[in-house]
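Peer 1: Build me a structure from this.
(chains A and B)
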Amino acid sequence: MIMKDSAATLDNEWRCAQSSIGHVDYGGGVIVRRVLLGGAAVVLGGVAVVALTGTILNRAGATPGTLRATVNGTAQTSQGVLPHAFLDLATYPDSMAGPHGSSGGAHPDWVTYGPVSNFSVPAHSLVTITIKQYDSGEKITNPYFAKVHGTVGGTVTVDGKTETQTDPDLIGHTFTIHGAPTNQDPLFVSVPLPAVADDAPTAPGSDYPAPHVVTFDIITGGPGEYIWNCEYPCGDGYYAKFGGPMATQGYMSGTFNVV
Amino acid sequence: MLSATSERSRRPEFRQIFWLWLGMTVLLVLFSLWVPARLMGPPASQTMRDVEETMTVFSVAASPVAALVWSVAAYSLLRWRDRSGGQPAEDGVPLRGNSVVTLSWVTVSSLLCVFLLIWGLAEMTTTNASAEATNPLVVDVTGQQWVWTFTYPDQGNVESDQLYLPLNRPVVFRVTSEDVIHSFWVVQMGIKVDANPGTVTKTSVRPDKLGVFDVRCAELCGLRHADMETSAHVVSPADFNGWITQNGGHV
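Peer 2: Residues are numbered from 1 along each chain as shown, chains lettered A, B, ... in the order given. Down below sits the predicted model:
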């Protein structure tokens, strides 16, 4: 008897629910419009928030300026006569002399490339890159990057001496260009930069010891967007030394655009 | 328990949901047969074909389940919406005690899960078996921010930033990392394994198609993760030997 009453009550509730749905005028058009407008507002609001956040992050992470290679005449190469461009860079043991200002910016003790970390070179050209390496170093974890890859002749000159590799136990940094193998011409270059001795005296008129001067040539293909970074773990104080300056744009990583 | 009257009143809705479910199932099955297996490009190994077959089978098996959830959800949103504009009513009448529905749902779900488990284990066994093939080419793979390097220990430790493989020879990859966790993924060959610092993980494949394929990092690894890509060149055995010799190694 109790179950029968209960079933009847439930059935009544069900009927009431069905009835209320079927006969009351709810102004459906208004609700639909409200839902559509509300949905559109939510979508547009979301897009605006994402766009604003992206813009702020992009500006916050942007590095100052791009260094364009200077073209000076032409040069005879294995690919014929090509425009000859020059790019002068440096690596520092701190951020006092690079792109972060004399105060060193947010991380004055981080190692950094200079004068900036974004570079632009002409397409189908011989590019001579000179790097003054002021920093000390230790053993590199992957000896592949103690060897020279991708330069003209597979060599570099270090303080005027031609080399194909550097002692893997005394690497200061590397300059390694690479990029996703998209439709652009492949460009993989890796040059080890030998370490300055820990006890090297400060050079007269400088805050740093006399640098190693590393010079090498590369031949660019067509236009493309590449990146470069250091493959020597120089982010002291961070996990596996690959954090900090190694993982932050504007220090040991940047763009290398062929235009 | 609902009365016979209320059961009858629900039947038209069940029919509509059924047809909605059937339509969605057909669409999802067609989608499953065509799309998932084509997302990663033409396969370059039997492993990749097995992966694509598995993706297709799993997608087809999941189609009726997904269609049921989506059709009930869609029907509920469209037809059982509270249109009063005011405070919605309390929850509807709870449906309990329908042992047929419960039993059917549990049985079908269990059968599907067991089927997928057996299929997956069988596929994994097949993939692992290729690692035990005779005379495999061993390649040491090292990931670091944000490049891959490849070393051929049995060919005089030839090193390269791009992967070169001979056609139709089993390859065993010994994968590690210099820094954080990366994931070594040869897209069109259907292999992917984590590259962990301080340890070596293995995977294997037998490339059976000439061409240039994609090697990517599949584990978010920092600033330039999106650029951590290189190429895998599958060449003839003669060309592979020539490449090894050209790079100072021996065959």
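
Peer 1: Tell me if residue A:71 really is in a strand.
Peer 2: Yes - judged by DSSP: H, G, I helix; E, B strand; the rest coil, residue A:71 forms part of a strand.

Peer 1: Excluding covalently adjacent residues, which one is nearest to it?
Peer 2: Excluding the flanking residues, the one nearest residue A:71 by Cβ to Cβ, 6 or more residues apart in numbering or on different chains is residue A:85, at 4.7 Å. C-betas here are computed from N, CA, C, even on glycine.

Peer 1: neighbours around that neighbour, how many?
Peer 2: Around residue A:85 there are 22 other residues, counting by other Cβ atoms under 10 Å in any protein chain shown.

Peer 1: That one bridge partners, please.
Peer 2: Residue A:85 has the following beta-bridge partners by DSSP bridges: residue A:71, residue A:127.

Peer 1: wouldn't it be in contact with residue A:122 here?
Peer 2: Yes - here residue A:85 reaches residue A:122: they are 5.3 Å apart, a contact under Cβ atoms under 8 Å.

Peer 1: any shared contact partners between the two?
Peer 2: Residues touching both residue A:85 and residue A:122 by Cβ atoms under 8 Å, 6 or more residues apart in numbering or on different chains: A:69, A:71.

Peer 1: rewinding a little: show the model's pLDDT score for the residue nearest to residue A:71.
Peer 2: pLDDT recorded at residue A:85 is 98.

Peer 1: got it, and residue A:137?
Peer 2: The model's pLDDT for residue A:137 equals 94.

Peer 1: How about the contacts made by the closest residue to it other than its chain neighbours?
Peer 2: Nearest residue to residue A:137 in three dimensions, chain neighbours excluded: residue A:195, at 3.1 Å (Cβ to Cβ, 6+ apart). Contact analysis of residue A:195 by Cβ under 8 Å, 6+ apart lists A:133, A:135-138, A:170-172.

Peer 1: Which of these fall in strands?
Peer 2: Counting by DSSP state E, the contacts of residue A:195 place A:133, A:171-172 in strands.

Peer 1: out of those residues, who's nearest residue A:78?
Peer 2: residue A:133 (27.6 Å; Cβ to Cβ).

Peer 1: ok, that closest one to chain B distance?
Peer 2: For residue A:133, the distance to chain B equals 20 Å [Cβ to the nearest Cβ, to the nearest Å].

Peer 1: tell me the contacts of that residue?
Peer 2: A:90-91, A:172-173, A:193-196, A:211-214.

Peer 1: Tell me the bridge partners for it.
Peer 2: Where residue A:133 sits in a bridge, its partners, by DSSP bridges, are residue A:91, residue A:212.

Peer 1: And the one 5 residues further on, by the same measure?
Peer 2: Beta bridges link residue A:138 to residue A:171, judged by DSSP bridges.

Peer 1: Does it touch residue A:167 like I think?
Peer 2: No - look at residue A:138 against residue A:167 with Cβ under 8 Å: they stay out of range, at 10.9 Å.

Peer 1: more neighbours, these two?
Peer 2: Neighbours of residue A:138 and residue A:167, each counted by other Cβ under 10 Å, are more numerous for residue A:138; the result is 16 against 13.

Peer 1: Now do the same contact list for that one.
Peer 2: Per Cβ under 8 Å, 6+ apart, neighbours of residue A:138: A:169-171, A:195.

Peer 1: neighbour-wise, which of those leads?
Peer 2: residue A:171 leads the contacts of residue A:138 on contacts (other Cβ under 10 Å) with 26 neighbours.

Peer 1: Chain B versus that one, what's the distance?
Peer 2: Separation of residue A:171 from chain B (Cβ to the nearest Cβ) stands at 13 Å.

Peer 1: same check, this time on residue A:158
Peer 2: Remark: distance between residue A:158 and chain B (Cβ to the nearest Cβ) = 21 Å.

Peer 1: where does the residue of the stretch 101-250 of chain B found nearest chain A land in three-state SS?
Peer 2: Per Cβ to the nearest Cβ, residue B:179 is where the stretch 101-250 of chain B lies closest to chain A, at 3.8 Å. Following three-state DSSP, the label given to residue B:179 is coil.

Peer 1: now do residue B:118
Peer 2: Under three-state DSSP, residue B:118 comes out as helix.

Peer 1: How about residue B:168?
Peer 2: coil.

Peer 1: list the contacts for it?
Peer 2: B:206-208, B:237.

Peer 1: Can you give me the separation between the residue nearest to residue A:137 and residue A:93?
Peer 2: Distance of residue A:195 to residue A:93, computed by Cβ to Cβ, to the nearest Å: 10 Å.

Peer 1: which residues are in contact with both of the two?
Peer 2: Joint contacts of residue A:195 and residue A:93 (Cβ under 8 Å, 6+ apart) are A:135-136.

Peer 1: can you pull the contacts of residue A:44?
Peer 2: So residue A:44 contacts nothing (Cβ under 8 Å, 6+ apart).

Peer 1: By neighbour count, which of the contacts of residue A:133 wins?
Peer 2: residue A:173 (30 neighbours).

Peer 1: so what's it up against?
Peer 2: Taking Cβ under 8 Å, 6+ apart as the test, what residue A:173 contacts is A:91, A:111, A:133, A:135, A:137, A:193, A:230, A:232, A:234, A:252.
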